[in-house]
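Peer 1: What would the 3D arrangement of this be:
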Amino acid sequence: MILRRAPAVVLVLVLAAGCVSGDHSVRVRDRTSTSSGSSQPAPGPLGEFRLTAWEDCEDDLECATLDVPLDWDEPEGETISLAVIRQPASESDERIGSVVFNPGGPGEPGTQFLRQFIEADRIPDDLDEHFDLVSWDPRGTGGSAGVRCISDEQAAAPDVDPSIEGPEDVTAIEEKSSTVLAGCEVESGDVWTKVGTRNTVRDLDALRSALGDDLLTYVGYSYGTTVGIEYGRMFPERIRAMVLDGVALPAIDPVEATHLQARAFEKNFDAFLDDCERRPVCLFGDGDPRKAFADLVAELEGGTRLPADYTLPDSDGNMHRRRGTVGIGELYNGVVVALYAKENWIALETALAAASRGDGQLLLYLRDTFAGRGDDGVWSHLPEANLAINCADQEVRAEDADGDDALRAAWGAELPLLGELFAVGTPGCSGTPEAEEPLTPLADGDLDDVPAVVVIGATDDPATPYARSEELRELLPEAALVTWESADHTAYGRGSDCLDDPVTDYLEDLTLPADGLRCSP
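Peer 2: Here you go, the predicted model:
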């Protein structure tokens, strides 16, 4: 559930995720029929769509595929197969329909997300009793013609230095960018230009139809909220219930959006360092974590690379070794991914403490999770999908792979810890194909036909700032804004009865939570 913006190069250079309530619950207008058999089913985008037969795919899950047009303007032309997964409702006699999840990214495969979500016991109570839990790999991700640009060896290679200090750093970024883009053209072909969000929305509506649901019940996290918002613009009459958690508004100016992210990550890193300094038992920095971090940056900027081999078991207990090292790029990427949730702070503390002693293995592991490496040693190539989808949605292109010198200087002065990193390559998409169907900003009235939905925002979410959730709430005629008072990226399914229970009730019986409900860990 991570929102990634398109960086100058694919990899993980930089990003490119108690209660207070009044008795204000309301009953929304009737939209109760979602299972097949309704007398007035809403059609799919261009007719009927059918899933292949469901087959067992371990862990009580079932898998299928759905063929949709590669180009929705040519419905009889080439198709693309989408990978779909579900956990059937445990109470089949009380089944409401399907709830479809999108984990965000863009680029996150939904099939992998649903497996992990269930394994981590993140499914809110009762939700799996009355709904089939469904997700899919959006086009260009995972098993749905996933975009490929680089080899596994290239994905595992050392990161370039994201803090530009001389022409050699610029050259390294430009060379990496050229390598990635050339690989995308060779490996991904026509898929590369057809992965935009609006095509994904059309796919989602085809999936809704193929599942036998007359109306869509949907939970979107992070970039998954963009998918949900665009669905609301294109097919508002086909929505039954929708939860938008960690709002990413479409077509926000990429410089503005990245600047907001930079400020949020800087704020959270500041808070992490302050917390570490206050605690006598903090493992990192011996009472002065800011100096310790500056020293570590200076050491790695000087060219030092720390040993960082690690070995982890996969779900079957087979061990997979990763041989690598940590330099300045891996350091920053490890820091950024750990700042997505406050629960990761202890891992960040431990990783930085180990790195200061010359051991980079935990930092490399953090970096690798962001770059798409699974515990089974397989690379998902998520960053390439992220680049392709972001740039299919975004009209503007950076003139150079390294971005604007003045922007880097300004953000570096304002945000001394991480600002310059976020400015590298901004606004991104240098050298990528022209967007065929770029997203457009929301305007007043665009969502007037959307029925009552739930919007969730975390007050200190670094990836999708809380202000975005507030903005979306103002554009929806019927909605409840639920606030998660924490530095987490997304909230539904974190185990809070205060938040999970009323949101699940809404998904089940369409009773909105109290608008203004506030919950905390």
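Peer 1: Run through the strands of the stretch 51-200 of the chain in chain order.
Peer 2: Counting by DSSP state E, counting those that start in this stretch, the stretch 51-200 of the chain has strands at residues 55-56, 62-69, 79-87, 97-102, 131-136.
Peer 1: my bad, should have said the stretch 301-450 of the chain
Peer 2: Along the stretch 301-450 of the chain, counting by DSSP E, counting those that start in this stretch, strands occupy 306-307, 310-313, 319-322, 325-326.
Peer 1: Can you tell me which of those strands is packed in deepest?
Peer 2: Each of the strands of the stretch 301-450 of the chain was scored by mean neighbour count; the highest is strand 325-326, a mean of 22, by mean count of other C-beta atoms under 10 Å. In short, each C-beta sits where N, CA and C put it, glycine included.
Peer 1: Against which helices or strands is that strand packed?
Peer 2: The elements that strand 325-326 packs onto, with contact taken as 3 or more C-beta pairs under 8 Å, 6 or more residues apart in numbering; DSSP states H and E, are strand 306-307, helix 361-371.
Peer 1: Could you tell me which ranges of the stretch 401-521 of the chain sit under the pLDDT cut-off?
Peer 2: For the stretch 401-521 of the chain, no stretch is flagged by pLDDT under 70.
Peer 1: how about low-confidence regions in the stretch 151-300 of the chain?
Peer 2: For the stretch 151-300 of the chain, no range has pLDDT under 70.
Peer 1: Kindly report the domain assignment for the chain.
Peer 2: 19-147+191-252+439-519, 161-186+253-423 (automatic domain parsing).
Peer 1: Next, format the strands of the stretch 301-450 of the chain as JSON lines and append distance to residue 149 and mean pLDDT.
Peer 2: Formatted as JSON lines, the strands of the stretch 301-450 of the chain follow (distance: least, C-beta to C-beta, whole Å; pLDDT from 0 to 100):
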{"stretch": "strand 306-307", "distance to residue 149": "27", "mean pLDDT": "98"}
{"stretch": "strand 310-313", "distance to residue 149": "25", "mean pLDDT": "92"}
{"stretch": "strand 319-322", "distance to residue 149": "21", "mean pLDDT": "94"}
{"stretch": "strand 325-326", "distance to residue 149": "23", "mean pLDDT": "97"}
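Peer 1: Make CSV out of these and add distance to residue 102.
Peer 2: Converted to CSV, the strands of the stretch 301-450 of the chain look like this (distance: least, C-beta to C-beta, whole Å):
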stretch, distance to residue 102
strand 306-307, 37
strand 310-313, 27
strand 319-322, 28
strand 325-326, 32
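Peer 1: out of the ones you listed, nearest to residue 402?
Peer 2: Checking these against residue 402 by C-beta to C-beta gives strand 325-326 as the closest, at 22.5 Å.
Peer 1: roughly how far is that closest one from the heart of the chain?
Peer 2: A distance of 25 Å separates the centroid of the chain from that of strand 325-326, by C-alpha atoms, centre = their mean, to the nearest Å.
Peer 1: Could you do stretch 55-67 as well?
Peer 2: 23 Å.
Peer 1: swap in stretch 321-328?
Peer 2: Mean-position distance between stretch 321-328 and its chain equals 24 Å (C-alpha atoms, centre = their mean).
Peer 1: Kindly report the same for stretch 90-104.
Peer 2: Distance, centroid of stretch 90-104 to centroid of chain: 21 Å (C-alpha atoms, centre = their mean).
Peer 1: Would you mind listing the buried residues in that stretch?
Peer 2: By 16 or more other C-beta atoms under 10 Å, the buried positions in stretch 90-104 come out as 95-104.
Peer 1: Now residue 242. Nearest residue, chain neighbours left out?
Peer 2: Spatial nearest neighbour of residue 242, chain neighbours left out: residue 453 (4.2 Å); criterion: C-beta to C-beta, 6 or more residues apart in numbering.
Peer 1: I'd like the buried residues of stretch 90-104 as CSV, with pLDDT appended.
Peer 2: Listed next are those as CSV, based on pLDDT from 0 to 100:
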residue, pLDDT
95, 94
96, 96
97, 97
98, 98
99, 98
100, 98
101, 98
102, 98
103, 95
104, 94
